[in-house]
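S.K.: below are the sequence and a predicted model; questions follow.
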Amino acid sequence: MSASVLPAGAGTVSPSTDLPIRAEGLAVGYSSRPVVAGIDLVVRGQTSLALVGTNGSGKSTLLKSIMGLIPPVAGRLEVFNRAPGSSAVRVAYLSQAHTASFVLPLRAIDVVRMARFSARGLARPFTSEDHDLVAWGMRTMGVEGLAGHPLRSLSGGQQQRVFLAQVLARRADLIVLDEPTAGLDAGGRERYLQAFAGELERGAALVTSTHDIGEAVEYDQVLLLARRVVALGPGREVLTADRLLETFGILLRDPHKEHAQRFVVAEVAHGQPQVIDVGPEQTP
Amino acid sequence: MLRALAAGVLVSVGCAIVGTFVVLRGLAFIGDALAHGVLPGVAASLLLGLPGILGAAVGAAVMIGGVSLVTQRSKLSSDSAIGLLFVGMLALGVVMVSGSSSFSGDLIAILFGQILGVSPGGLALQVVVTAAVAVVAFVCARPFLLLSFDPEQAQVSGFSARRYHALMLLLVATVVVVSFQSVGTLLVFGMLLAPAASGALIASRLGTMMAIAILIGVISTYTGLLISYGFNTAAGATIVLVATVIFFGVLALVNVRAGLAARTGLAEEPAA
């Protein structure tokens, strides 16, 4: 291909030929022991996928497999038609329970700047585009005022905002977020929702693991996981009480009301469990 | 004396650069193991009449290879693997040295260094190696920073976490091997940790941390040599002692400052 005849709009995601994620008969897990098997999945540009399930259900394992951090146990997994992990510049990742060492002498802006390392490699200097993306990411997450502050002086919620700003500054075609709302306050959540809706609109594909059923219902696809695939489909069709019960399988009996059965959808979502009544209606 | 100062400054610079990553990546234990693992190598090369630095390099290579082998082949954590190899290598070194009665003076030299007896050739080698280490650390600053932040983040940014981790270990081993002649195997570890740890306490940027570590290393070398000269104490040990005292001094200052800030209600204000 000659570089001089690049068509207008080159570099944008072409939805049919350049699939962010395609999985067939995929099994993911550690040292050839599958955590989840039989995953068939296609994620296109401009679409979103939410992974919903308990801790240990395989959400993070699948996300790490997509990032090429652990090899698939069986089946096929392609990211932009290549092996996972070989399209580093186009993929951004926020890991869960970020273990950023607190002795690390870094300012918030240094963390966000790391986003541009994949595009610039070892030695190429930052361009004005890099600096613009870093500033934009921090502004979007509302942490531009913290740019010069040491990371270790920030609260957990502020750190999470900085990490999300880093993801934004990657300007990736596939964005993979493992429980991005953990520790975010209401303002942070609002900014997060707006920012990543914007990323979808720009053409990126978004894959997120979440405990928040209210958020997941808005996604184009929801994958319910319980160390197996419980269901895959549009959020509003998949997130039924029966399937949620099948996925989470946690029943809490209210000691004051016999027969009243409840299940907890998430162990901890934003500090308080979400409880949905599924038992037969109580007649007082 | 001037040559000793130059050797000490070079050790300070090399140790500060790799020590920064040793502290940030939590590699202190493997740094320690490397520093002691070179002992049987040095002993063997002295028995064979070869230059000690050659044996030290072989010892460091065996140590790194052994650690990764034991970690891969067994379910042991790398801590246990490193600990085992560390003790085994140290014991092997002492057994080899104690077998030959004419060796006890050499053992002291290996363990505690002879900074006052550094040869011009040894000094030239130190200059070259320190420069090389500085260049590699500068070129690999981005992957090293990512690795210190989160190895997964390095991997997903397109920098092989395994490759750069190995490179980092290689740099640590190189500095240990060329430094042992000056401050000794036992004390290289102190120069690796104390100045960098002091830097970590006060710096808010990686480059600042490295600069502070170099500064503290150089001050320790100068002060240590002066004390050693005046009071006729072992030079290498005195230098490391000064570096350690500086670390605890910085720690105390940082705590006192945090305590004062809390009492006067300034705790919420971020450190400048």
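M.R.: Right, received. Where do you want to start?

S.K.: all contacts plus neighbour counts: C-alpha atoms, from now on.
M.R.: Fine.

S.K.: what's the following helix or strand after whichever strand or helix holds residue A:139?
M.R.: Residue A:139 is located in helix A:128-140, with elements delineated by DSSP states H and E. For helix A:128-140, the following helix or strand on the C-terminal side (DSSP H and E) is helix A:156-169.

S.K.: so how far is chain A from residue B:235?
M.R.: Counting by C-alpha to the nearest C-alpha, to the nearest Å, the gap from residue B:235 to chain A is 31 Å.

S.K.: near residue 242, how many other residues are there?
M.R.: With no chain named, the answer covers chain A. If you count neighbours by other C-alpha atoms under 10 Å in any protein chain shown, residue A:242 ends up with 11.

S.K.: oops, chain B please
M.R.: 21.

S.K.: my read is that it contacts residue B:220, right?
M.R.: Yes. Counting by C-alpha atoms under 8 Å, residue B:242 touches residue B:220, with 5.4 Å between them.

S.K.: is chain B contacted by the helix holding residue A:139?
M.R.: No. Applying C-alpha under 8 Å from any C-alpha of the partner chain, one finds helix A:128-140 separated from chain B by no less than 14.7 Å.

S.K.: what residues does that helix touch?
M.R.: A:109, A:112-113, A:115-116, A:144, A:147, A:162, A:164-171, A:191, A:195 (C-alpha atoms under 8 Å, 6 or more residues apart in numbering or on different chains).

S.K.: shaky segments in chain B?
M.R.: B:71-78, B:100-107, B:264-272 (pLDDT under 70).

S.K.: what parts of it come near chain A?
M.R.: So chain B meets chain A at B:24, B:139-143, B:146, B:148-150, B:152-153, B:155-159, B:200-201, B:203-206, B:209, B:270-272 (C-alpha under 8 Å from any C-alpha).

S.K.: PyMOL command for the buried members of the residues you listed?
M.R.: Per 16 or more other C-alpha atoms under 10 Å in any protein chain shown, the buried members of these correspond to this PyMOL selection:
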select buried, chain B and resi 24+140+141+142+143+146+148+149+150+152+153+155+156+157+158+159+200+201+203+204+205+206+209
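
S.K.: now do the helices in the chain.
M.R.: Let's take chain A. A:59-66, A:108-113, A:117-120, A:128-140, A:156-169, A:186-202, A:213-216, A:235-238, A:241-248 (DSSP state H).

S.K.: chain B, not that one
M.R.: B:2-24, B:28-47, B:52-73, B:78-99, B:104-112, B:120-139, B:141-149, B:151-156, B:161-183, B:185-202, B:206-231, B:235-263.

S.K.: dump those helices into TSV; add distance to residue A:244 as well.
M.R.: Below are the helices of chain B laid out as TSV (distance: least, C-alpha to C-alpha, whole Å):
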stretch	distance to residue A:244
helix B:2-24	43
helix B:28-47	47
helix B:52-73	40
helix B:78-99	41
helix B:104-112	64
helix B:120-139	51
helix B:141-149	36
helix B:151-156	31
helix B:161-183	38
helix B:185-202	47
helix B:206-231	47
helix B:235-263	48
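
S.K.: so for residue A:27, which of the ones you listed sits nearest?
M.R.: Nearest to residue A:27 among the helices of chain B is helix B:151-156 (20.7 Å), distances taken as C-alpha to C-alpha.

S.K.: contacts for the closest one?
M.R.: By C-alpha under 8 Å, 6+ apart, helix B:151-156 touches A:67-69, A:85, A:88, A:91-93, B:143, B:146-147, B:160-161.

S.K.: hmm, try it at 10 Å
M.R.: With C-alpha atoms under 10 Å, 6 or more residues apart in numbering or on different chains as the test, helix B:151-156 has contacts from A:64, A:67-69, A:84-95, A:114-115, A:117-118, B:25, B:142-148, B:157, B:159-165.

S.K.: what subset of those residues is buried?
M.R.: For the contacts of helix B:151-156, buried by 16+ other C-alpha under 10 Å: A:64, A:67-69, A:84-95, A:114-115, A:117-118, B:25, B:142-148, B:157, B:159-161, B:164-165.

S.K.: most centrally placed residue in the chain?
M.R.: If you meant another chain, say so; for now it's chain A. residue A:177 (2.1 Å; C-alpha atoms, centre = their mean).

S.K.: can you look at chain B instead?
M.R.: residue B:192 (2.7 Å).

S.K.: contacting residues for that residue?
M.R.: B:11-23, B:28, B:31-32, B:35, B:172, B:175-176, B:213, B:217, B:240.

S.K.: what does residue A:188 give?
M.R.: A:141, A:142, A:143, A:157, A:158, A:160, A:161, A:164, A:181.

S.K.: run a quick neighbour tally on the second one.
M.R.: So the one you mean is residue A:142. 18.

S.K.: how about it, phi and psi?
M.R.: phi 70, psi 30 (degrees, to the nearest 10).

S.K.: for stretch B:127-141, buried residues please.
M.R.: B:127, B:129, B:130, B:133, B:134, B:137, B:140, B:141.

S.K.: so which of those comes closest to chain A?
M.R.: residue B:140 (6.5 Å; C-alpha to the nearest C-alpha).

S.K.: and the closest residue to that closest one other than its chain neighbours, backbone torsions?
M.R.: Nearest non-adjacent residue to residue B:140, counting by C-alpha to C-alpha, 6 or more residues apart in numbering or on different chains: residue A:122, 6.5 Å away. In terms of degrees, to the nearest 10, the main-chain angles of residue A:122 are phi -70, psi -50.

S.K.: try residue A:55
M.R.: phi -60, psi 140.

S.K.: make TSV out of the contacts of residue A:188 and add distance to chain B and pLDDT.
M.R.: Rendered in TSV, the data for those read as follows (distance: C-alpha to the nearest C-alpha, whole Å; pLDDT from 0 to 100):
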residue	distance to chain B	pLDDT
A:141	20	95
A:142	18	94
A:143	14	94
A:157	16	89
A:158	13	91
A:160	14	92
A:161	16	94
A:164	13	95
A:181	19	88
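
S.K.: which of those sit farthest apart?
M.R.: A:143 and A:181 (15.6 Å).

S.K.: OK, contacts around the residue nearest to residue A:32 when sequence neighbours are not counted?
M.R.: Counting by C-alpha to C-alpha, 6+ apart, residue A:32 lies nearest to residue A:73, which is 5.1 Å off, once chain neighbours are set aside. Residue A:73 makes contact with A:26-37, A:65, according to C-alpha under 10 Å, 6+ apart.

S.K.: please pick the buried ones from these.
M.R.: A:26, A:27, A:28, A:29, A:34, A:35, A:36, A:37, A:65.

S.K.: could you check how far the fifth one is from residue A:61?
M.R.: Residue A:34 sits 10 Å away from residue A:61 when distances are taken as C-alpha to C-alpha, to the nearest Å.

S.K.: next one: the third one
M.R.: Here the distance between residue A:28 and residue A:61 works out to 7 Å (C-alpha to C-alpha).

S.K.: now residue B:110
M.R.: 48 Å.

S.K.: cool, and residue B:99?
M.R.: From residue B:99 to residue A:61 the distance is 54 Å (C-alpha to C-alpha).

S.K.: again with residue B:127
M.R.: Residue B:127 is 47 Å from residue A:61, by C-alpha to C-alpha.

S.K.: picking that back up, and which of the buried ones among the contacts of residue A:73 is nearest to chain B?
M.R.: Using C-alpha to the nearest C-alpha, these come closest to chain B at residue A:65, 11.3 Å.
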